[in-house]
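Asks: when you get a sec, could you give me coordinates for this:
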Amino acid sequence: MCRRVLLALLCTLFLCANCLADSPTIKYALPSALAPGKVTEMTFVGSDLGGVTSIWTSFETKTERVRFEDNRSVFKVNVPATCPIGLGAVRLVGTNGVSSLHLVMLDGLPSIVESGTNRSIATAQLLRMPVAVDGACDEKAADFFKFPARKGERLSFEVVAQRLGSSLDPLVRLLDATGRELVFCEDTPGAGVDCRFSFKFPSSGQYVIELRDTRYDGGRGYRYRMRIGDFPLEPAPLPFLVKPEFQRADSMRPQPMEAKPNDVKPQRISLPAAINGRFAKPKDRDCFEFAANKGDRLVFRGRTRSLGSPCDLYLRLESAAGKKLAESPMTGADESSLTNTFKEAGVFRLVVEEAAQLGGPEYFYRLEISPFQPGFALSVDTERFQATPGGSIEIKVLPERHDYDGPIRLTLEGAGDGFELATNAITSKTNATSVKMTLPANLEAGQLANFRMTGHATIDGKDVTAPVSTRPAWRMLFPHIPWPPGAMDGWMAVGAVAGKATETRK
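Replies: Okay, the predicted model is just below:
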C-alpha cells in the first residue's frame with residue numbers, strides 16, 4: 001500500500017514539475033502597438049506567464065515589469081522618439097523559459113479597444129480621429145464603427161492584421177449615413193491580404209466603417225489593428241525594426257539600378273550582379289543584356305515576396321535574336337529562379353515580367369545573377385529552446401544540397417561566451433542532423449541568449465558558407481506570413497530555466 005501511495009506521489013510531482021516547466025505563451029497583446037517617444041503599458045495575455053521576469057524586443061526599448069499573473073503579464077515599454085512607424089518582434093522571458101516570437105507594431109496613433117458590442121450599424125462604435133482600434137472579428141459577424149467627417153477632408157484607412165501574424169483576411173467597406181457603399185477594399189498591393197485606402201469625403205456628415213473577415217471566419221486568432229487618420233499611405237511595406245546586431249551584411253555584388261526605358265532596347269549589365277528594379281505600370285517589362293561564355297552555368301534568382309513586394313516574377317532567357325532558351329516555372333509562394341548552362345558563347349537577354357502583368361510603385365524586385373556554385377542551404381524548424389544552466393539543447397538542422405554530398409561544419413555566433421556546439425558536423429550525404437549546444441553553467445534562470453549558426457564546407461578548393469535559415473520555424477509560427485523579415489531570419493533564442501543541469505528542453 002505504501003509503495004502504491006509513493007508511486008502516486010512521485011507521478012503527481014512529475015506532472016507538476018512538467019506543468020511548471022511549460023514555457024510562456026503569448027495569445028495576444030493590448031495594445032498591439034507601442035508609441036515612439038512615449039511609455040506604453042502593454043498587457044500580454046496568454047498562459048504560464050507567472051514566471052515571466054522580462055521582455056525582449058527586436059528594437060531599442062527600456063522596459064519595466066508592472067504586474068503579472070499566470071494568464072497575463074504587464075510591462076511599461078519606453079520606445080525612443082526616433083523610432084519610425086513599422087513592425088517588430090517581442091519575447092517574454094522567465095524562469096520557465098522563453099515565449100515564441102510575437103509581432104507588434106510601432107505606431108504613434110492613440111490606441112483604443114474595440115467595444116465588442118458593435119455588431120451592426122445601429123450599435124456602431126463612435127470614433128474620434130486620429131485613432132487606432134485594436135480588436136478581433138467574430139465568426140459570421142462584422143465590426144462597425146462610426147465617425148464624423150467634413151466636406152473635402154481626406155482620411156487614410158489601414159488594417160494591419162496578417163502583417164502582425166493574425167489569421168484575419170480583412171475586408172473593409174466605407175458607408176455613408178444612408179448605408180450606401182463608398183469604398184470596398186480587400187487586398188492591397190504591398191500590404192499582403194491586409195487593406196488600406198485613402199478617401200476624400202464629398203460632404204459633411206456621419207460615416208460608417210464595416211470590418212470583417214472575407215470568409216466570415218473569426219475567433220481569438222482573428223485580431224486586427226485598424227488605423228484611421230490624416231497620414232500618408234506609403235507604397236513600400238512597413239519596415240521591420242531591429243537592433244544593429246541583428247543585421248546581416250548585404251550582397252557584395254555590383255548593384256545596378258534598372259534604367260528605363262529597357263522594355264525594347266535591353267539594358268547592358270556585367271555579371272555577377274544584383275539588380276534592383278520595379279514594374280512602374282501594368283504590362284511593364286524589363287530586359288537586360290549580358291555576355292556569357294560557352295559552358296557558363298548561371299543562376300538567375302528573383303527576390304520579391306521575401307522583400308515584401310507583391311510581385312510574382314516571370315523570367316525568360318533569350319538569345320540575341322529573340323529565341324527562347326529557358327524560362328522560370330511558376331512556384332506559388334516561393335520565388336522565381338532559373339538556372340541555365342550556355343551551349344555557346346555570345347550575347348544574351350533576360351526578360352523580366354510580372355506574371356499577372358500588374359504594376360505600380362509597390363511592384364519592386366531584386367534580381368541576383370551569379371555563376372552556379374555547388375553547395376547547400378540549411379534550415380531549422382524551431383526558433384526557441386530552453387535548458388538549465390550547464391545543460392544542453394538539441395537543434396535539428398535540415399540541409400538542402402546542390403550538387404554537393406560532402407560534410408558541413410557548423411559554427412555558432414551571437415550567443416556569447418560559454419555557449420558551445422558540442423556536436424557541430426553534418427556528415428556526408430546526410431539530410432538531417434541534430435546538433436548539440438551546451439549552455440554556460442554560470443547562467444541564471446530567466447536569462448536569454450540569441451544565436452544563429454552558419455554552415456561551412458570546402459568545395460572544389462573554395463570555402464563555401466551558408467547561413468542557417470529559420471524560415472520553416474517562422475512559417476509554422478506565422479502560417480499567414482510565408483517569409484520571415486530578412487533581419488530576423490536565422491536568429492534563434494535559448495532561455496535558462498530553473499532546475500538541475502542534467503535536464504534538456506526544446
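
Asks: now do the helices in the stretch 401-506 of the chain.
Replies: 471-477 (DSSP state H, counting those that start in this stretch).

Asks: er, the chain actually
Replies: 2-21, 471-477 (DSSP state H).

Asks: would you single out the least confident of the ones you listed?
Replies: Looking at the helices of the chain, the lowest mean pLDDT belongs to helix 2-21 (a mean of 43).

Asks: what's the nearest residue to residue 309 if we skip its chain neighbours?
Replies: residue 364 (5.1 Å; Cβ to Cβ, 6 or more residues apart in numbering). C-betas here are computed from N, CA, C, even on glycine.

Asks: repeat for residue 111
Replies: Closest to residue 111 by Cβ to Cβ, 6+ apart is residue 31, at 3.8 Å.

Asks: quick one, phi/psi of that neighbour?
Replies: Dihedral pair for residue 31: phi -70, psi 170, per degrees, to the nearest 10.

Asks: touching, it and residue 74? I think so.
Replies: No - Residue 31 is beyond contact range of residue 74, at 12.0 Å (criterion: Cβ atoms under 8 Å).

Asks: who touches both of the two?
Replies: Applying Cβ atoms under 8 Å, 6 or more residues apart in numbering, one finds that residue 31 and residue 74 are jointly contacted by residue 42.

Asks: higher neighbour count, those two?
Replies: Neighbour totals were compared for residue 31 and residue 74, and residue 31 leads with 22 against 17 (other Cβ atoms under 10 Å).

Asks: distance check, the closest residue to residue 280 other than its chain neighbours against residue 267.
Replies: Residue nearest to residue 280 in three dimensions, not counting chain neighbours: residue 359, with 6.1 Å by Cβ to Cβ, 6+ apart. Applying Cβ to Cβ, to the nearest Å, the value for residue 359 to residue 267 is 17 Å.

Asks: ok, residue 208 next?
Replies: On the measure of Cβ to Cβ, residue 208 and residue 267 end up 49 Å apart.

Asks: of the two, who's got more company?
Replies: More neighbours surround residue 267 than the other of residue 208 and residue 267, with 21 against 18 (other Cβ under 10 Å).

Asks: got the confidence number for the more buried one?
Replies: 93.

Asks: how about the contacts made by it?
Replies: Contacts of residue 267 by Cβ under 8 Å, 6+ apart are 256, 258-259, 286-289.

Asks: can you tell me how far it is from residue 261?
Replies: According to Cβ to Cβ, residue 267 and residue 261 sit 9 Å apart.

Asks: how about residue 246?
Replies: Taken as Cβ to Cβ, the span from residue 246 to residue 261 is 39 Å.

Asks: who's more crowded, the two?
Replies: With neighbours defined as other Cβ under 10 Å, residue 246 and residue 261 compare such that residue 246 has more, 21 against 11.

Asks: mind listing what the nearest residue to that one once chain neighbours are set aside touches?
Replies: Counting by Cβ to Cβ, 6+ apart, residue 246 lies nearest to residue 487, which is 5.1 Å off, once chain neighbours are set aside. Contact analysis of residue 487 by Cβ under 8 Å, 6+ apart lists 58, 240, 242, 246-248.

Asks: now, of those residues, which are buried?
Replies: Buried by 16 or more other Cβ atoms under 10 Å: 58, 240, 242, 246, out of those.

Asks: may I see those residues arranged in TSV, with distance to residue 440 as well?
Replies: Output for the buried ones among the contacts of residue 487, formatted as TSV (distance: Cβ to Cβ, whole Å):
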residue	distance to residue 440
58	24
240	30
242	25
246	22
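
Asks: so of these, which two are at opposite extremes in space?
Replies: Distance extremes for those: the farthest pair is 240 and 246 at 9.8 Å, using Cβ to Cβ.

Asks: what do these two both touch?
Replies: Common neighbours of residue 240 and residue 246 (Cβ under 8 Å, 6+ apart) are 58, 487-488.

Asks: how about the residues you listed in JSON lines, adding distance to residue 480?
Replies: As requested, those are exported to JSON lines (distance: Cβ to Cβ, whole Å):
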{"residue": "58", "distance to residue 480": "19"}
{"residue": "487", "distance to residue 480": "20"}
{"residue": "488", "distance to residue 480": "16"}
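
Asks: what is the nearest of these to residue 163?
Replies: residue 488 (13.8 Å).

Asks: pretty sure the closest one sits against residue 90.
Replies: No - Residue 488 is beyond contact range of residue 90, at 11.9 Å (criterion: Cβ under 8 Å).

Asks: what sits in contact with each of these two?
Replies: 58, 101.

Asks: ok, residue 329 - contacts?
Replies: Residue 329 neighbours (Cβ under 8 Å, 6+ apart): residue 336.

Asks: list the residues that contact residue 34.
Replies: Each residue near residue 34 by Cβ under 8 Å, 6+ apart is listed here: 40, 42, 61, 77, 79, 88, 104-107.

Asks: could you chop this structure up by domain?
Replies: 23-106, 111-229, 267-371, 375-505 (automatic domain parsing).

Asks: how long is the third one end to end?
Replies: Spelled out, it's domain 267-371. Start-to-end span of domain 267-371 (Cα to Cα, to the nearest Å) is 20 Å.

Asks: would you pull up how far it lies from the middle of the chain?
Replies: 25 Å (Cα atoms, centre = their mean, to the nearest Å).

Asks: same check, this time on the first one
Replies: Averaging C-alpha positions (Cα atoms, centre = their mean) puts domain 23-106 17 Å from its chain's average.

Asks: show the average pLDDT along it.
Replies: Per-residue scores along domain 23-106 average to 95.

Asks: can you check stretch 174-190 too?
Replies: Stretch 174-190 carries an average pLDDT of 93.

Asks: show me the shaky parts of this structure.
Replies: 1-21, 248-254, 331-333, 500-506 (pLDDT under 70).

Asks: at 50 what do you get?
Replies: Within the chain, the stretches with pLDDT under 50 are 1-3, 5-20, 501-506.

Asks: which residues touch the residue nearest to residue 111?
Replies: 40, 42, 111, 113, 132, 134, 225.

Asks: what subset of the residues you listed is buried?
Replies: Buried among the contacts of residue 31 (16+ other Cβ under 10 Å): 40, 42, 111, 132, 134, 225.

Asks: how long is stretch 352-368 end to end?
Replies: Stretch 352-368: ends 12 Å apart by Cα to Cα.

Asks: now that stretch: buried residues?
Replies: 352-354, 358-360, 362-368.

Asks: just give the nearest non-adjacent residue to residue 300, would you?
Replies: Per Cβ to Cβ, 6+ apart, closest to residue 300 is residue 338, 4.4 Å.

Asks: gap between residue 191 and residue 160?
Replies: 8 Å.

Asks: between these two, tell me which one has more neighbours.
Replies: Using other Cβ under 10 Å as the criterion, residue 191 and residue 160 rank with residue 160 on top: 27 against 23.

Asks: so who does the closest residue to the more buried one other than its chain neighbours touch?
Replies: Nearest residue to residue 160 in three dimensions, chain neighbours excluded: residue 225, at 4.6 Å (Cβ to Cβ, 6+ apart). With contacts defined as Cβ under 8 Å, 6+ apart, the neighbours of residue 225 are 31-33, 105, 107, 132-134, 159-161, 164.
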